[in-house]
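Student: Attaching a predicted model along with its sequence, questions to come.
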Amino acid sequence: MKLLLIVLSVLFAGVMITLYSTENPGYVLIAREPWSIEMTLTVFIPLMLASFFLVYLLLFILVRLVRIPRDVRRWRARRHAKEARVALTRGLVSLAEGNWVEAETQLLAGMRHGDTTLLNYLGAALACEGQGNIEKRDEYLALAHKNAANNDLAIGMTQAYLQHRSHQLEQCLATLNELRATAPKHRQVLKLLAQVHVELRDWTGLIDLIPELRQNYVMTAKEVDALELQAHRELLKLSLPSGLPAVLKKAWNAVPKSLKRQPSLIAIYARQLIQQNEVDEAEAVLRSAIEDAWDPLLVELYGEVRGNHSAEQLEAAEGWLPSRADEPKLLLTVARLAMRAGQDAKARNHLEKCLAMHGPVEAFREMGNLLERLGEKDKALDYYRHGLEKYASELRSTQMRSGLRLPISRYRAAR
């Protein structure tokens, strides 16, 4: 409808102009001696418009001829850019599909005329990693550093991930430390750095990293606490030659106060003290920890400490009985201490109570040892046999829960 109105308007205007020009054609005189040109206005105007159009067309053709080389260059650049984008897209798709060789070929093909050199080199490095070609992978990463120096963090993170994937943990650690120097608060750098420290069992380095993990919220507080506990636990578990209690105490003093109340850490520290023949120190540490916060693990370990003051040790353990008389591990501990103090009757009484409460399997062995020393060898053998049966049953239950089955031959051997 709108187009029809426009056409009708143009036709109407043309008719009106034609009628007007027929009645009053006008007059134009152009004089320059010795020449003069006379014509009507209705002829002059079309001639002027035609001349203007011809001049414009001539100038347009001349300009286009002059610009042909530039236009050809632009056309080639656009074609090359399009080809580079297509090659990059195909290369990334092949990379996602796991077609490593095709991905590398396509990414390199689009590198010559493309403006995404960084993506091409990083993608080619990933493709080489997939092929297991470590040397070529590192060459592409080096070229990425050379051609895109402003993106060192992106390149470094890619390099660290690829080194970690290839189990080049030492190289990965060096790369991450360099990145940490330039981006000390980068969460992914810190997170991967913590993982590498764990895999390298570099517990000292992990402990030094803990404050930054907390401050930058790299992980949840619970995850950081677990890492910190694991690091201190592993440091305390490191085997030390005999006669080096100072090294052990230094490691214990480095443990934060909040972790020194952890029963697992206290147990490890106490066992290490026992290995260093610091039995009195181990007894004092365990007693203080048990009185501060009751823990069956520490109570059982307390009975294994062969201190120089067994009577006092027995007295301390018996002091816990009134409020913990139903604790099988406490009864086992008191029995062990009573046997070392030469109070066999008391030890036997507590062991019987412990076994009646279905206490630990170690109680059968202790009862067997006690009866064998008292000359009751037949009863001692019965307790040894019951202990082996219970141990085999517990072992089988544990393995069944974990989806494994205890071989029959091994079970029979346990019996």
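Tutor: Cool, the structure landed. Note that the structure is a prediction, hence the values are computed from the model and not measured.

Student: Check which helices and strands the longest helix along the chain sits against.
Tutor: Longest helix in the chain by number of residues (criterion: DSSP state H): helix 68-97. Where contact means 3 or more Cβ pairs under 8 Å, 6 or more residues apart in numbering; DSSP states H and E, helix 68-97 is packed against helix 100-109, helix 117-131. (Each C-beta comes from the backbone N, C-alpha and C, glycine too.)

Student: where in this structure is pLDDT low?
Tutor: Filtered on pLDDT under 70, the chain yields the residue ranges 12, 14-27, 41-42, 239, 241-243, 401-415.

Student: try it again with 50
Tutor: For the chain, the stretches with pLDDT under 50 are 404-415.

Student: how about the strands in it?
Tutor: Listed in chain order, the strands of the chain (DSSP state E) span 28-32, 35-39.

Student: Export the ones you listed to JSON lines and append columns for mean neighbour count and distance to Ala289.
Tutor: Below are the strands of the chain laid out as JSON lines (neighbours: other Cβ atoms under 10 Å; distance: least, Cβ to Cβ, whole Å):
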{"stretch": "strand 28-32", "mean neighbour count": "10", "distance to Ala289": "118"}
{"stretch": "strand 35-39", "mean neighbour count": "10", "distance to Ala289": "120"}
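
Student: so which of those gets nearest Glu366?
Tutor: strand 28-32 (133.8 Å; Cβ to Cβ).

Student: Give the pairing partners of that closest one; include direction for each.
Tutor: strand 35-39 (antiparallel) (DSSP bridges).

Student: ok, residues contacting the strand it pairs with?
Tutor: Contact with strand 35-39 is made by 27-31, 47, as judged by Cβ atoms under 8 Å, 6 or more residues apart in numbering.

Student: tell me the most buried of the helices and strands packed on helix 68-97?
Tutor: Among these, helix 117-131 has the highest mean neighbour count (mean count of other Cβ atoms under 10 Å), at a mean of 22.

Student: what's that one packed up against?
Tutor: Going by 3+ Cβ pairs under 8 Å, 6+ apart, helix 117-131 lies up against helix 68-97, helix 100-109, helix 134-147, helix 152-165.

Student: just how off-centre is the shortest one within its chain?
Tutor: Translated: helix 100-109. Relative to the chain's own centre, helix 100-109 is displaced by 28 Å; criterion: Cα atoms, centre = their mean, to the nearest Å.

Student: List the contacts of Cys354.
Tutor: 328, 331-332, 335, 360, 363.

Student: could I get the contacts of strand 35-39 as TSV with distance to Lys249?
Tutor: Output for these, formatted as TSV (distance: Cβ to Cβ, whole Å):
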residue	distance to Lys249
Tyr27	122
Val28	117
Leu29	121
Ile30	117
Ala31	121
Leu47	112
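
Student: nearest to Ala221, of these?
Tutor: The closest of those, once distances to Ala221 are taken by Cβ to Cβ, is Leu47, at 89.7 Å.

Student: With adjacent residues omitted, what lies nearest to that closest one?
Tutor: Leaving aside its chain neighbours, Leu47 sits nearest to Met39 (7.9 Å; criterion: Cβ to Cβ, 6 or more residues apart in numbering).

Student: same deal with Gln168?
Tutor: Ile134 (7.9 Å).

Student: Quick one: neighbours of the one you found, just the number.
Tutor: 15 (other Cβ atoms under 10 Å).

Student: what do you get for Lys191?
Tutor: Residues near Lys191, counting by other Cβ under 10 Å: 16.

Student: so what's the backbone phi/psi at the nearest residue to it once chain neighbours are set aside?
Tutor: Of all residues not flanking Lys191 in the chain, Val218 sits nearest, at 5.0 Å (Cβ to Cβ, 6+ apart). With angles defined as degrees, to the nearest 10, Val218 sits at phi -70, psi -40.

Student: Distance of Val218 relative to Leu122?
Tutor: 24 Å (Cβ to Cβ, to the nearest Å).

Student: before we move on, back to that, want to try JSON lines for the helices and strands packed on helix 117-131, with distance to Thr204 as columns?
Tutor: JSON lines is the format used below for these (distance: least, Cβ to Cβ, whole Å):
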{"stretch": "helix 68-97", "distance to Thr204": "38"}
{"stretch": "helix 100-109", "distance to Thr204": "38"}
{"stretch": "helix 134-147", "distance to Thr204": "29"}
{"stretch": "helix 152-165", "distance to Thr204": "20"}
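
Student: Minimum distance to Leu235: which of those helices has it?
Tutor: It's helix 152-165; of the helices and strands packed on helix 117-131, that one is closest to Leu235 (Cβ to Cβ) at 23.5 Å.

Student: From the contact counts, what lies against that closest one?
Tutor: Helix 152-165 packs on helix 117-131, helix 134-147, helix 169-182, helix 187-199, going by 3+ Cβ pairs under 8 Å, 6+ apart.

Student: Give me the buried positions along it.
Tutor: 152, 155-164 (16 or more other Cβ atoms under 10 Å).

Student: with the residues you listed in mind, which one is nearest to Gln106?
Tutor: Checking these against Gln106 with Cβ to Cβ, the nearest one is Thr158 at 18.5 Å.

Student: Counting neighbours, what do you get for the residue nearest to Lys191?
Tutor: 21.

Student: what's the answer for Lys82, then?
Tutor: 12.

Student: Repeat that for Arg396.
Tutor: 16.

Student: what does the one 3 residues further on give?
Tutor: If you count neighbours by other Cβ under 10 Å, Gln399 ends up with 13.

Student: go on, Ser166?
Tutor: By other Cβ under 10 Å, neighbour count at Ser166 equals 14.

Student: Would you quantify the distance from it to Ser258?
Tutor: For Ser166, the distance to Ser258 - Cβ to Cβ - is 38 Å.

Student: same question, Leu314
Tutor: 33 Å.

Student: Give me the more crowded residue out of those two.
Tutor: Leu314 (23 against 10).

Student: Can you tell me, leaving aside adjacent residues, what's nearest to the more buried one?
Tutor: Leu337 (4.1 Å).

Student: That neighbour and Ser310 touch, don't they?
Tutor: Yes. Counting by Cβ atoms under 8 Å, Leu337 touches Ser310, with 6.4 Å between them.
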